[in-house]
Every structure is written in structure tokens, then in C-alpha cells.
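Enquirer: kindly return the folded structure for what I paste below:
(chains A and B)
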Amino acid sequence: MYQALFVDTWPWWVGGILIGLLVPALYYFHNTALGVSTGYGNLVKIISRSKLPWLQGEKFADTWGWRVFFIGGMVLGAFVAGLLMGGPILTREMTLFTEVLNWPFLASALYFFSGGLFLGLGARLAGGCTSGHSIHGVANLHKSSIIVTIVFLIFGAIAAALLRVFLLGGAAP
Amino acid sequence: MSRKLFFLAFGFYFGFVLSRVGASDYQVIFRMFTAEDLHLAWVILSAIIVANLGMRYLKVKGNLGREGRPIEIKKKELGRLSIIGAAIFGIGWGMAGACPGTVLAQIGEGKILALFTLSGMLFGTYLYGYLLARWPKIN
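Expert: Numbering: from 1, shown residues only, chains lettered A, B, ... in the order given. Prediction:
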């Protein structure tokens, strides 16, 4: 029982049901759309004390708004999941990536920083990320979110295919 | 329960589930994009279906939240550069094996490299604000 709940990866449908329920639950309890990436604006405002007009706008008026707490909760939840699983507190591993590539740590760090840069800039231009567009928006059948999600997936597949060919070996390891 | 405590609890739930279902594992995301393992694709698809059914249920019940407050569904409109932004995001998703939600789960699991993904996301978010101040048309 412990093994199935806290150690083994859950079946896809268990995760799907539990994640999907978040969308109506957030509307029911707080009339709020599920979304994570907008909260990064709050974090940037907190960290940089930036005077950028975008961060001074209405959207981020409540600097320490609920989004910051949602983000903090997500880190905590995964931390507890990791503890219960018996995983390491800190690790340099990134499964396939660090298993196949023997890169110096700094090179890997720069690589993930670049990926993050694309994610941060792209999410703001697109108006949301996987949770806001692909789950919340698509579930509500918003055309804009369906278009954005298709583009997410096409370019994610292109990036992964290029990585597979040039970095991570042509065939599956 | 105060609003912020509520979101802390729901964030905890979301991070816990993302971690338990393997969404925070680099190779699970990578192999979804190479179609070698569609576990995560099924997670996302079933989440969309459950969310859709849940929203339908709320609609049937009169679109009222707790204490009878009306529910207003927030719709995201496309900006001029949204499609290009989505392409940039997709490349980042495939590269980093994380999205703005799952990177937080990776950090909770102690993955040091995820801190660099997060730093990149914060820098990218700042960059958006910086570009927006110079070229308001990008919105």
C-alpha cells in the first residue's frame, strides 16, 4: 500500500483525475482560473524590486498575492512527495539528461537556464503555460488555448527530436 | 480559511500530485515529446477531460461557487506575438523537460539543475516586462 501510494509512479488516470479536479475546485472556492506562470511576475517583482511598468500594473498590485502562495505550496508538496518516496534531499541528477551526457555541471546549468529563459519569455508572450492554457483553457474549450497548446506541442516535439538526434543519441537508450 | 492559506494548500496538493505522477521527471517529459512513452500525454488529456466535466457540472448547477458567488470563466485572448511565444515556450519545454508548474515540483524534489531552469524562467519573465516597456506592441 505504501509502495503504491508514495513510491511507485501513479497510473496516468489517477494523476489526470486529481489534476483535472483542480480547475472546477478553484472556480468553486475562489472564482479563480488555474495558472502558474503569471505568478513568476510576482516573484520577479519581489526579487528585483523592479520598476517596470508591467509589474506596477493592476495585475501585480498585490505583490504577495495568492499566486506566490500557490507556487510555494507546489514546492512544498513535491518536497513532501520526495521525502515519502525516500528520494535524495538534493541531487545533481536529471534522469536521462545526466545519465547520457557527461557534461560539466556548469554546462548543464547553462543549458537548463536557457530552456527556462525560453519558457519564461514564451509563457508571457503566449499568455499562459501548460496549466493556464493547456489544462484550464482547453478544458473550457477556448480557441486561443487550443491553438497555443498545439503550437506548444509541435515545438516541444521539434526540440526533443533535435535533442534526440544531436545530444541524447539517435536510438532510445 | 484565508485565501492565501487556501492556495498554499492547493499548491501543495498540485505539487504533490505532479511529483507522484512522474510529471516532474525530465525523461517522462522528453519521451512524451519523442512519443516513446505517452504516460504524461494521457495525464494531461485525462486532466483536461475531468476539468471539462467538472466545469460542465458547475454550469448545470447554475455556475455558482461557494456561498452562491457567480463564477466568471477567465478567457485568454491571443496577443500579436502569442503564436511565436507559444513556439518559444514549446522549445523551452522540450529542452528543459519542465514547464512553469513542474519545475517547482523538481525543485521540491531537490533537483539542483531545476533551480537554473527556474532562474531562466524568472529572467525570461523579466525580459518580457523589459521588452514590453520598449515595444508595447508585443502584447
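
Enquirer: contacts for the single longest helix found in chain A next, please.
Expert: The longest helix of chain A (DSSP state H) is helix A:143-166. Applying Cβ atoms under 8 Å, 6 or more residues apart in numbering or on different chains, the contact partners of helix A:143-166 are A:126-128, A:130, A:132-134, A:136-138, A:170, B:30, B:33-35, B:75-78, B:82-83, B:86-95. From N, CA and C alone the C-beta is placed, and that goes for glycine too.

Enquirer: sitting in helices, which of those do you find?
Expert: Among the contacts of helix A:143-166, the members falling in helices (DSSP H) are A:126, A:138, B:30, B:33, B:82-83, B:86-95.

Enquirer: among the contacts of helix A:143-166, the buried ones, what's the ChimeraX command?
Expert: Here is the ChimeraX command that selects the buried residues among the contacts of helix A:143-166 (16 or more other Cβ atoms under 10 Å in any protein chain shown):
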select /A:126,127,128,130,132,133,134,136,137,138 /B:30,33,34,76,78,82,83,86,87,88,89,90,91,92,93,94,95
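
Enquirer: any buried residues in stretch B:130-139, and which?
Expert: Across stretch B:130-139, burial judged by 16+ other Cβ under 10 Å covers B:131-132, B:138.

Enquirer: now do the same end-to-end measure for it.
Expert: 12 Å (Cα to Cα, to the nearest Å).

Enquirer: helices or strands up against whichever strand or helix holds residue A:97?
Expert: Element membership for residue A:97 (DSSP states H and E) is helix A:96-100. When contacts are defined as 3 or more Cβ pairs under 8 Å, 6 or more residues apart in numbering or on different chains; DSSP states H and E, helix A:96-100 packs onto helix B:26-33.

Enquirer: what's the angle between the helix it packs on and helix B:82-96?
Expert: Put simply, helix B:26-33 runs at 130 degrees to helix B:82-96, going by axes from the mean of the first three to the mean of the last three Cα atoms, to 10 degrees.

Enquirer: what ranges do the strands span in chain A?
Expert: For chain A, strands defined by DSSP state E do not occur.

Enquirer: where does it dip in pLDDT?
Expert: Within chain A, the stretches falling below the threshold (pLDDT under 70) are A:170-173.

Enquirer: contacting residues for the most centrally placed residue in chain B?
Expert: The residue lying closest to the centre of chain B (Cα atoms, centre = their mean) is residue B:101, at 4.7 Å. By Cβ under 8 Å, 6+ apart, residue B:101 lies in contact with A:36, A:74, A:129-131, B:14, B:18, B:23.

Enquirer: buried sites along the helix holding residue A:97?
Expert: Buried residues in helix A:96-100, counted by 16+ other Cβ under 10 Å: A:96-98.

Enquirer: mind checking how far it is from the chain centre?
Expert: Relative to the centre of its chain, helix A:96-100 is centred 20 Å away, using Cα atoms, centre = their mean, to the nearest Å.

Enquirer: one more: stretch B:2-18?
Expert: Centroid separation for stretch B:2-18 versus its chain: 14 Å, with Cα atoms, centre = their mean.

Enquirer: ok, now stretch A:82-102?
Expert: On Cα atoms, centre = their mean, the centre of stretch A:82-102 falls 17 Å from that of its chain.

Enquirer: got the CA coordinates for it in PDB?
Expert: Below are the C-alpha coordinates for stretch A:82-102, written out as PDB (Å, rounded to 0.1, in the frame of the first residue of the first chain):
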ATOM      1  CA  GLY A  82      10.100  13.200  -2.400                       C
ATOM      2  CA  LEU A  83      10.600  12.600   1.300                       C
ATOM      3  CA  LEU A  84       7.900  10.000   1.500                       C
ATOM      4  CA  MET A  85       9.400   8.300  -1.600                       C
ATOM      5  CA  GLY A  86      12.800   8.200   0.100                       C
ATOM      6  CA  GLY A  87      14.400  10.200  -2.600                       C
ATOM      7  CA  PRO A  88      17.500  12.400  -2.000                       C
ATOM      8  CA  ILE A  89      17.100  15.800  -0.400                       C
ATOM      9  CA  LEU A  90      19.500  17.300  -3.000                       C
ATOM     10  CA  THR A  91      20.600  15.800  -6.300                       C
ATOM     11  CA  ARG A  92      22.600  16.800  -9.400                       C
ATOM     12  CA  GLU A  93      20.700  14.100 -11.400                       C
ATOM     13  CA  MET A  94      18.200  14.900 -14.100                       C
ATOM     14  CA  THR A  95      17.500  11.300 -15.200                       C
ATOM     15  CA  LEU A  96      18.100  10.700 -18.900                       C
ATOM     16  CA  PHE A  97      19.900  14.100 -19.400                       C
ATOM     17  CA  THR A  98      22.600  13.500 -16.800                       C
ATOM     18  CA  GLU A  99      22.700   9.700 -17.500                       C
ATOM     19  CA  VAL A 100      23.600  10.100 -21.100                       C
ATOM     20  CA  LEU A 101      25.500  13.400 -21.100                       C
ATOM     21  CA  ASN A 102      28.700  13.700 -19.100                       C
END
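
Enquirer: before I go, just wanted to say thanks for your time.
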